[in-house]
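Chemist: sequence and predicted structure below; questions after.
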Amino acid sequence: MPYSTSKLIGKRALVTAGAQGIGLAISRELLAAGCHVFVHYHSSADAARALAAEATKRGQRCGHAAADLNETAQSDRLVAEAVAFLGGLDILVNNAGTMLDKRLLAQADDEFWGQVMSLNLGTMRRVTRAAVPHLAAAAPAGGGASIINIASLAGRKGGAPGTLAYSTAKGATLAFTRALAEELGPQGIRVNAIAPGLILGSQFHVIHTKPEAIPGIVGGIPLGRPGVTEDVARATLFFAAEFDGFITGATLDVNGGSYRA
């Protein structure tokens with residue numbers, strides 16, 4: 001069957017950190033493809049409400065809820081609220097995570113290391129664990145279910161000095177994706193990852209990439225431009241739409257050619 005995003009019409013998706021930056025672009029792309037979407041946010045309440053209002057005007061359902069995904073109880077509650085609102089779950093996009101701070105090995109004490117791992121790897125694990133029973137329940141009737149984990153180029157090749165903890169967490173995200181794909185495949189759930197490079201418009205690079213460094217980074221990108229959040233959103237849409245596809249345990253690099261596996 002030819003690839004088509006029409007497969008997404010009526011599908012039900014949960015997007016973590018889905019009200020800003022890359023997550024917001026993903027939420028909008030899923031809505032544009034016909035999905036009903038539930039958006040998690042931590043502090044972007046106004047953006048989540050605005051997105052829900054946009055969806056309502058188009059006759060789609062878009063719910064939202066705040067949660068601290070570092071907490072198991074709140075992660076469980078988020079998934080329960082999403083499933084109750086959507087009537088089930090076909091797609092999970094694990095987008096929550098960030099670097100927190102740049103620290104070299106000698107500066108990265110146990111508390112900092114634990115925080116970075118919890119925010120980037122633990123949040124994904126907690127939400128996925130709560131979501132899997134619902135994804136498995138939907139898979140037989142819907143032709144499959146899909147989990148997409150947003151990783152990073154740093155998880156592929158390591159990052160600049162100071163990004164050790166973050167790079168390690170994102171590398172673990174890729175290993176988590178491969179192992180979980182094998183575990184969940186028999187249940188009809190596909191698990192894939194996306195590793196973005198320099199994506200302008202994302203909060204990550206607003207906070208952690210100095211403007212004066214951007215021209216040098218772009219100079220090393222074969223396509224000669226930085227990425228934008230929509231580049232990551234379209235890649236996410238591809239993985240989400242392939243319900244009857246044969247791709248799982250894969251990582252799609254969205255970096256303009258700056259890293260080629």
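Modeler: Okay, I see it. Numbers count the residues shown, from 1 in each chain.
Chemist: looking at this structure, which residue reaches furthest from the middle?
Modeler: What lies farthest from the middle of the chain is Ala106; by Cα atoms, centre = their mean that is 30.0 Å.
Chemist: helix, strand or coil for it?
Modeler: helix (DSSP: H, G, I helix; E, B strand; the rest coil).
Chemist: do you know the pLDDT at it?
Modeler: pLDDT for Ala106: 97.
Chemist: next one: it from Asp68, what distance?
Modeler: 29 Å (Cβ to Cβ, to the nearest Å). Yep, even glycine has a C-beta here, placed from its N, CA and C like the rest.
Chemist: next: Ser75.
Modeler: Applying Cβ to Cβ to Ser75 and Asp68 gives a distance of 8 Å.
Chemist: so how far is Ala108 from Tyr166?
Modeler: 10 Å.
Chemist: lowest average confidence, helix or strand, in this structure?
Modeler: helix 203-208 (a mean of 62; mean pLDDT, DSSP states H and E).
Chemist: what's the following helix or strand after that one?
Modeler: Note on helix 203-208: by DSSP states H and E, the next helix or strand toward the C-terminus is helix 214-219.
Chemist: packing partners of that following helix?
Modeler: Here helix 214-219 touches no other helix or strand, going by 3 or more Cβ pairs under 8 Å, 6 or more residues apart in numbering; DSSP states H and E.
Chemist: contacting residues around the spatially closest residue to Gly97 that is not a sequence neighbour?
Modeler: The shortest distance from Gly97 to any non-neighbouring residue, by Cβ to Cβ, 6 or more residues apart in numbering, is to Asn120 (3.8 Å). Counting by Cβ atoms under 8 Å, 6 or more residues apart in numbering, Asn120 makes contact with Gly97, Thr98, Tyr166, Ala169, Lys170, Thr173.
Chemist: then Thr72?
Modeler: With Cβ under 8 Å, 6+ apart, Thr72 has these contacts: Arg126.
Chemist: and it, what pLDDT?
Modeler: 98.
Chemist: from Thr123, how far off is it?
Modeler: From Thr72 to Thr123 the distance is 10 Å (Cβ to Cβ).
Chemist: before we move on, what about Glu81?
Modeler: 16 Å.
Chemist: these two: who's more crowded?
Modeler: Legend: neighbour count by other Cβ atoms under 10 Å for Glu81 and Thr123, higher for Thr123 (24 against 17).
Chemist: doesn't the more buried one belong to a strand?
Modeler: No. Under three-state DSSP, Thr123 sits outside any strand and is assigned helix.
Chemist: not counting sequence-adjacent ones, nearest residue to it?
Modeler: Counting by Cβ to Cβ, 6+ apart, the residue nearest Thr123 is Leu69, at 3.8 Å.
Chemist: tell me the secondary structure at that neighbour.
Modeler: Applying three-state DSSP: Leu69 is coil.
Chemist: the more surrounded of Tyr166 and Ala108?
Modeler: Tyr166 (27 against 18).
Chemist: hmm, the more buried one is touching Leu119, no?
Modeler: No. With contact defined as Cβ atoms under 8 Å, Tyr166 and Leu119 do not form a contacting pair (9.3 Å).
Chemist: list residues touching both of the two?
Modeler: Thr98, Leu100.
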